[in-house]
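**Student:** structure here, sequence nowhere to be found:
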DNA sequence: GCGACAG
DNA sequence: ATCTTGTCGC
């Protein structure tokens, strides 16, 4: 039974992370009811790309956060953090493996970004609580999930041209957008994490693309996460 | 029971 | 994700 959901002084949700897979699943169902898919109307001038890499030989997870200017995508700040891996990889429970080390890196930020872009799903998740939802909810910040593969849901055939997109659906429910960011290249899966709408999530992610498959903040974070393994 | 399955 | 080199295609 998971009943340890608390609120800190700023009324942000908090809870333990050392849960069993069964407890984690139950917690996701409770947390999902707190996710907001409404736009806050806030102007996003800074965006953070977030990614985690692993060193299995050392059993460590390395998180990287790269804060960029939303208009130019120039890098403003970078932070990393490492932590022992304590939760197994189980499809659907990724956030319990990655959020703790991401939070550790977030605590080092001198200026907190307006928007978080995670390498993983948002609501395009079996219980509508992917990594981006969990992180956004825990930090009470707008967040978007950008995944390289589908976790759940179905969609119609996608056109091969850059910019083509279609909804990812679970029955009649729209849970994400399958987006072709490059011609003839595998699409990416965009879904709202928290405090953002489906349309704005797509609009924002589109603006973060240059000539690569993944949005720049994610690419930067991926590179940094790998670099940090050699330094630490 | 079988197939699917983010990173 | 990670373990790993060169190689095929636009």
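**Tutor:** Nice, thanks for sending it over. What you see is a predicted model; the values in this text were computed from it and never measured.
**Student:** CA only for contacts and neighbour counts going forward, please
**Tutor:** Fine.
**Student:** which secondary structure element of chain A has the lowest mean pLDDT?
**Tutor:** None of the helices or strands of chain A scores lower by mean pLDDT, DSSP states H and E than strand A:5-7, at a mean of 88.
**Student:** which residues sit against it?
**Tutor:** A:13, A:14, A:15, A:16 (CA atoms under 8 Å, 6 or more residues apart in numbering).
**Student:** tell me the residues of chain A that contact DNA strand C?
**Tutor:** When proximity is defined as CA under 7 Å from any atom of the strand, chain A approaches DNA strand C at A:52, A:53, A:54, A:55, A:56, A:57, A:226.
**Student:** mind checking which of the contacts of strand A:5-7 are in strands?
**Tutor:** A:13, A:14, A:15 (DSSP state E).
**Student:** the first one is in contact with residue A:138, isn't it?
**Tutor:** Yep, that's residue A:13 we're talking about. Yes - Residue A:13 lies in contact with residue A:138 (CA atoms under 8 Å); the separation is 5.5 Å.
**Student:** what's the longest helix in chain A?
**Tutor:** Longest helix of chain A, by residue count under DSSP state H: helix A:216-231.
**Student:** packing partners of it?
**Tutor:** With contacts defined as 3 or more CA pairs under 8 Å, 6 or more residues apart in numbering; DSSP states H and E, the packing partners of helix A:216-231 are strand A:46-55, strand A:60-69, strand A:75-84, strand A:115-119.
**Student:** mind listing what's buried along that helix?
**Tutor:** A:216, A:217, A:218, A:219, A:220, A:221, A:222, A:224, A:225, A:226, A:228, A:229 (16 or more other CA atoms under 10 Å).
**Student:** same thing with stretch A:59-70?
**Tutor:** Quick answer for stretch A:59-70 (16+ other CA under 10 Å): A:60, A:61, A:62, A:63, A:64, A:65, A:66, A:67, A:68, A:69, A:70.
**Student:** helix, strand, or coil at residue A:169?
**Tutor:** Three-state assignment for residue A:169 (DSSP: H, G, I helix; E, B strand; the rest coil): strand.
**Student:** tell me how many other residues surround it.
**Tutor:** Residue A:169 has 18 neighbours, counted by other CA atoms under 10 Å.
**Student:** tell me how many other residues surround residue A:82.
**Tutor:** Residue A:82 has 22 nearby residues by other CA under 10 Å.
**Student:** ok, it touching residue A:64?
**Tutor:** No - checked against CA under 8 Å, the pair residue A:82 and residue A:64 is beyond contact range at 9.0 Å.
**Student:** tell me the contacts of residue A:207?
**Tutor:** Taking CA under 8 Å, 6+ apart as the definition, residue A:207 has no contacts.
**Student:** any idea how far it is from DNA strand B?
**Tutor:** Distance, residue A:207 to DNA strand B, using CA to the nearest atom of the strand, to the nearest Å: 19 Å.
**Student:** same check on residue A:82?
**Tutor:** 15 Å.
**Student:** go on, residue A:37?
**Tutor:** From residue A:37 to DNA strand B the distance is 17 Å (CA to the nearest atom of the strand).
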